[in-house]
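In: below: sequence and its predicted model.
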Amino acid sequence: MIKFLDLGNQPLANSYIKRVDLKKKEKKFKLSVTFNKKNYLVSILNILPKEMMFNEKYPYKSSESNTMKNSFKKLSNKIKNRFNTENTLEIGSNDGPFMKNFDKRKIVGIEPCKNLARITRAKGYKTICKYWNVDLAKKISKKKKFKLIYSANTLSHIKDISSIFKAIDVALDEEGVLILEDPSLLECLKNNAYDQFYCEHIYVFSTIALKEILKKYELEIFDIENTKTHGGSNRYYIKKINNNKIKINKNVDKNLKKEKKYGLHRISTYKAFTRRVKVSKLRLTKLIKKLINKKKIIIGYGATAKSCTVLNYCKLNKKHIKFFYDTTSFKINKFLPGSKIEIKKYKKLTLKDADYVYLGAWNFKNEIFKKEKDFIKNGGRFITHVPSPRIL
Ligand code: JHZ
């Protein structure tokens, strides 16, 4: 494993601080990113225990953005037409934006965060509040294996890859389909989106790495969609190698070639990314400090896990960004980890007192711009660091 990026001492990305705890010492860890020359896997170096991150206080809800709700709805319709969804499993069901498009009798969710599992259970969806592993897979598939297993933005959060895929092998029907959706390493590098790395994102997958890993578990990718969600993701359609009924789509090879052409199999590509990340840090801090010197008011939009990496790596705090707006109830009236910038409840029109708005949720730029067209019309401007720091 070769370490190529050092993002400094970072707090836990989703550990928003209560006002009464502001003076308490925060847990921090060294965030650095590595490349494995053998299997091309990119992962963070210091991996925290899962219980520290995914527990009954987990603040992130996928349903907070219309973009994600729409994406899950569109995908559900598509896969219902293409595959057998009579017996579906979702690993990491969060607050249910995927599940809710399915018949309650035909889908089971796995969600280790109690506060989230409670939400889907209350809506009548069977939700198992446990971490995904082989024992759990055996238990739930004893009578009937799953025809479809779906998991979005979850597998990149689980350290033990071998246990993930062994468990999937146990639970998946011989003719079943596994669909995985996670941020694309290629897009992350192209966009200089170093904020895709934080404690929860243990891996950012490429197709070339995933292909190598899957081979070990007798699984293979038969189709790929490049989606726009979360700043550019890949949706991998996977089957058991022995299932010859499904043909491999040409776009699998196309994606592999595209990634190789960019150099995702070479350490030099990652070293070049690191150089760009350092420049990005310098430019963002310069831009923000220049605006502050001109007495401009900057606030933040979307107190994301990604923002935690940017704010702490660039050493930005409330002197630079006055506060953040967010719609998530668990985050409101708390403070961002490390930078200790306050998070306020978003209300329509509240942007009008700011000159500039830093896009913490840059991945939802289109949705946010549509919502804030009056702010833009009246001269308000957004700041982003993706793909390079600038005023939009
Ligand atoms: P968003 C989380 O990362 C954590 P984050 C996790 N590790 C992961 O992988 C991804 O999600 C999928 C707010 N918002 O999705 C809601 C508004 O306030 O970019 C959210 O707090 N107004 C599981 O946190 C945040 O922004 C809006 O109009 O980086 C978005 O967070 C919109 C659209 C969002 O994920």
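Out: Sure thing, it's come through.
In: which strands and helices sit next to the longest helix seen in the chain?
Out: Among all segments of the chain classified by DSSP state H, the helix with the greatest residue count is helix 267-293. Packing partners of helix 267-293 (3 or more CB pairs under 8 Å, 6 or more residues apart in numbering; DSSP states H and E): strand 2-11, strand 28-35, helix 185-190, strand 298-301. C-beta here means a position set from N, CA and C on the backbone, and glycine is covered the same way.
In: mind listing what's buried in the next helix or strand after the third one?
Out: Per DSSP states H and E, helix 185-190 leads on to helix 207-216 as the next helix or strand towards the C-terminus. Neighbour counts over helix 207-216 (16 or more other CB atoms under 10 Å) mark T207, I208, A209, L210, K211, I213, L214 as buried.
In: nearest to N46, of those?
Out: Nearest to N46, judged by CB to CB, of the buried residues of helix 207-216 is A209 at 19.8 Å.
In: show the model's pLDDT score for R121.
Out: Predicted confidence (pLDDT) for R121: 98.
In: so it touches T127, yeah?
Out: Yes. Counting by CB atoms under 8 Å, R121 touches T127, with 4.9 Å between them.
In: and the two? Which one has more around it.
Out: Between R121 and T127, T127 has the larger neighbour count (other CB atoms under 10 Å), namely 24 against 17.
In: run through the neighbouring helices and strands of the one helix or strand that one maps to.
Out: Following DSSP H and E, one finds T127 within strand 126-128. When contacts are defined as 3+ CB pairs under 8 Å, 6+ apart, strand 126-128 sits against strand 107-110, helix 114-122.
In: for the ones you listed, which one ends up most surrounded?
Out: A comparison of the helices and strands packed on strand 126-128 by mean neighbour count, using mean count of other CB atoms under 10 Å, puts strand 107-110 on top with a mean of 25.
In: any idea of the mean pLDDT in that strand?
Out: Averaging pLDDT along strand 107-110 yields 98.
In: that strand packs against which elements?
Out: Applying 3+ CB pairs under 8 Å, 6+ apart, one finds that strand 107-110 contacts strand 88-91, strand 126-128.
In: nearest to V279, out of the ones you listed?
Out: Among the helices and strands packed on strand 107-110, strand 88-91 comes nearest to V279, with 37.6 Å by CB to CB.
In: pipe the helices and strands packed on helix 267-293 into CSV and attach distance to K331, mean neighbour count and mean pLDDT per row.
Out: CSV is the format used below for those (distance: least, CB to CB, whole Å; neighbours: other CB atoms under 10 Å; pLDDT from 0 to 100):
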stretch, distance to K331, mean neighbour count, mean pLDDT
strand 2-11, 15, 17, 98
strand 28-35, 20, 18, 98
helix 185-190, 24, 22, 98
strand 298-301, 12, 24, 97
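In: so for K347, what's the pLDDT?
Out: In this prediction, K347 carries a pLDDT score of 88.
In: now swap in the one 4 residues further on and tell me
Out: At L351, the model reports a pLDDT of 86.
In: nearest residue to it other than its sequence neighbours?
Out: In space, and not counting its chain neighbours, L351 is closest to F375: 4.4 Å by CB to CB, 6 or more residues apart in numbering.
In: and the one you found, how many neighbours?
Out: F375 has 20 neighbouring residues, counting by other CB under 10 Å.
In: what does the one 3 residues further on give?
Out: Neighbourhood size, N378 [other CB under 10 Å]: 9.
In: ok, now which ones touch it?
Out: Contacts for N378 (CB atoms under 8 Å, 6 or more residues apart in numbering) come out as K352.
In: report the contact partners of I267.
Out: Here I267 is in contact with I2, F4, F35, K37 (criterion: CB under 8 Å, 6+ apart).
In: tally of neighbours for the residue nearest to I298 when sequence neighbours are not counted?
Out: Computed as CB to CB, 6+ apart, the closest residue to I298 that is not its neighbour in sequence is Y356, at 4.5 Å. If you count neighbours by other CB under 10 Å, Y356 ends up with 20.
In: okay, now the sheet partners of the strand holding T127, with direction.
Out: Strand 126-128 sits in its sheet next to strand 107-110 (parallel), going by DSSP bridges.
In: now do the strand it pairs with: distance to the chain's middle.
Out: Strand 107-110 sits 20 Å away from the centroid of its parent chain (CA atoms, centre = their mean, to the nearest Å).
In: can you check stretch 164-176 too?
Out: Distance of stretch 164-176 from the chain centroid (CA atoms, centre = their mean) equals 23 Å.
In: cool, and stretch 92-101?
Out: Chain-centre distance of stretch 92-101: 15 Å, with CA atoms, centre = their mean.
In: measure it end to end?
Out: Distance between the two ends of stretch 92-101: 15 Å, counting by CA to CA, to the nearest Å.
In: got a list of contacts for that stretch?
Out: 60-63, 68-69, 72-73, 75-77, 90, 107, 109-111, 113, 116-117, 119-120, 123, 125, 127, 132, 150-155, 157.
In: could you list the buried residues of the longest helix of the chain?
Out: Those would be T269, Y270, F273, T274, V277, S280, K281, L284, T285, L287, I288, L291, for helix 267-293 by 16+ other CB under 10 Å.
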